[in-house]
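Asker: return a 3D structure for these sequence lines:
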Amino acid sequence: MANRQKAISYFENFAISLENIEQKIRLLLTLDMESELYQYQHRKFIKMLTRASTNLRLFQESLKQNHNIPDEYCQCITSFTHQFTRLFLMTKHLPDNALVQFNRLAFSPLKETVTHIIDLS
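Answerer: Below you'll find the predicted structure:
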């Protein structure tokens with residue numbers, strides 16, 4: 001039961017991070033990429049992504065400790081983590097379609113998968 005609560009807590013923290021990241025992307029897309037304000041906000045954005053990635057990693061680790069979780073769910077989370085990291089942490093300047101890419105990735109099958117995982121754990 002404690003592992004289940006930990007997993008839920010990590011995922012809830014990650015979900016909150018996603019909302020904050022979406023807001024930050026919206027802000028960054030309105031700023032001039034060469035401005036100091038953009039550079040400052042972009043550094044804050046990277047910190048947000050790092051925090052979100054950490055919560056996602058902790059969520060994954062807590063899932064591995066629960067043997068009731070089917071491998072395909074764990075693989076879905078792992079795949080999402082790689083896509084999430086590749087999409088944003090390697091991007092110095094956000095592409096114009098960053099918000100579309102983010103929403104497609106963040107609210108894809110992940111939510112449904114996590115709901116199933118939490119029900120199983």
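Asker: can you report how many residues lie near residue 98?
Answerer: 17 (other CB atoms under 10 Å). For the C-beta atoms, the positions are set from N, CA and C on the backbone; glycine is no exception.
Asker: grab the nearest non-local neighbour of it.
Answerer: Among residues not flanking residue 98 along the chain, residue 25 sits closest, at 5.4 Å (CB to CB, 6 or more residues apart in numbering).
Asker: which residue is nearest the centroid of the chain?
Answerer: residue 52 (5.1 Å; CA atoms, centre = their mean).
Asker: is it true that that one touches residue 18?
Answerer: Yes - between residue 52 and residue 18 there is a contact at 6.7 Å, judged by CB atoms under 8 Å.
Asker: rounded mean pLDDT for the host helix or strand of residue 102, please.
Answerer: Assigned by DSSP states H and E, residue 102 falls within helix 98-106. Mean pLDDT, helix 98-106: 72.
Asker: how far away from the center of its chain is that helix?
Answerer: 11 Å (CA atoms, centre = their mean, to the nearest Å).
Asker: that one - contacts with which helices or strands?
Answerer: Where contact means 3 or more CB pairs under 8 Å, 6 or more residues apart in numbering; DSSP states H and E, helix 98-106 is packed against helix 2-30, helix 71-88.
Asker: any chance of JSON lines for these, columns mean neighbour count and mean pLDDT?
Answerer: JSON lines is the format used below for the helices and strands packed on helix 98-106 (neighbours: other CB atoms under 10 Å; pLDDT from 0 to 100):
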{"stretch": "helix 2-30", "mean neighbour count": "16", "mean pLDDT": "80"}
{"stretch": "helix 71-88", "mean neighbour count": "15", "mean pLDDT": "72"}
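Asker: how about the ones you listed in a markdown table, adding distance to residue 47?
Answerer: As requested, those are exported to a markdown table (distance: least, CB to CB, whole Å):
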| stretch | distance to residue 47 |
| --- | --- |
| helix 2-30 | 10 |
| helix 71-88 | 12 |
